[in-house]
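# Return atomic coordinates for the entry below.
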Amino acid sequence: MVDTVFEAATDAADAVRTYLASDQGRRLRRGVATMLIVGAPLVSELPVIRRTPMARVLRAAGVVALVVKGAEWLRDWEPILASEAPTIS
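Modelled structure (predicted):
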């Protein structure tokens with residue numbers, strides 16, 4: 001019984017991965033990501049959500065995540081000097 005459930009879950013996960021790698025899956029991922037990027041800040045500003053302690057923790061965690069992402073970007077950034085920049089002819 002457990003093996004059957006595990007095999008079904010594995011097959012479903014493989015099917016989801018295959019779908020998400022397709023063109024339709026890419027469009028779905030882009031749409032969901034856009035919805036989350038736009039919707040999360042809007043939802044977090046709702047008064048009923050802002051008053052909860054969990055929302056304050058999530059807001060602080062979000063700020064920390066942005067700082068970490070910025071630090072990673074800065075660490076991994078390789079500036080191109082003017083002398084190394086490709087010229088447009």
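
# what sits against Val2?
Contacts for Val2 (C-beta atoms under 8 Å, 6 or more residues apart in numbering) come out as none. (Glycine included, C-beta is placed from N, CA and C.)

# pLDDT wise, what is it at?
Note on Val2: pLDDT of 83.

# for this structure, what spans make up the helices?
Taking DSSP state H as the test, the helices found in the chain are 2-21, 23-44, 47-50, 53-76.

# Select the helix or strand of the protein having the lowest average pLDDT value.
In the chain, no helix or strand scores lower on mean pLDDT, DSSP states H and E than helix 47-50, which sits at a mean of 83.

# chain center to that helix, what's the gap?
How far helix 47-50 lies from its chain's middle: 23 Å, per C-alpha atoms, centre = their mean, to the nearest Å.

# list the contacts for the spatially most central residue of the chain?
Nearest residue to the geometric centre of the chain (C-alpha atoms, centre = their mean): Ala33, 6.6 Å. By C-beta under 8 Å, 6+ apart, Ala33 lies in contact with nothing.

# now this structure, which segments are flagged as low pLDDT?
Across the chain, the ranges flagged by pLDDT under 70 are 81-87, 89.

# picking up where we left off before, how about a markdown table for the helices of the chain, with distance to Ile88 added?
Shown next, in a markdown table, are the helices of the chain (distance: least, C-beta to C-beta, whole Å):
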| stretch | distance to Ile88 |
| --- | --- |
| helix 2-21 | 35 |
| helix 23-44 | 30 |
| helix 47-50 | 49 |
| helix 53-76 | 26 |
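
# Quickly list the domain ranges of the protein.
Following automatic domain parsing, one finds the domains of the chain at 1-39, 46-77.

# Okay, the residue nearest to the centre of the chain and Pro41: tell me how far apart.
For Ala33, the distance to Pro41 equals 14 Å [C-beta to C-beta, to the nearest Å].

# ditto for Asp14
For Asp14, the distance to Pro41 - C-beta to C-beta - is 34 Å.

# try Met54
Taken as C-beta to C-beta, the span from Met54 to Pro41 is 16 Å.
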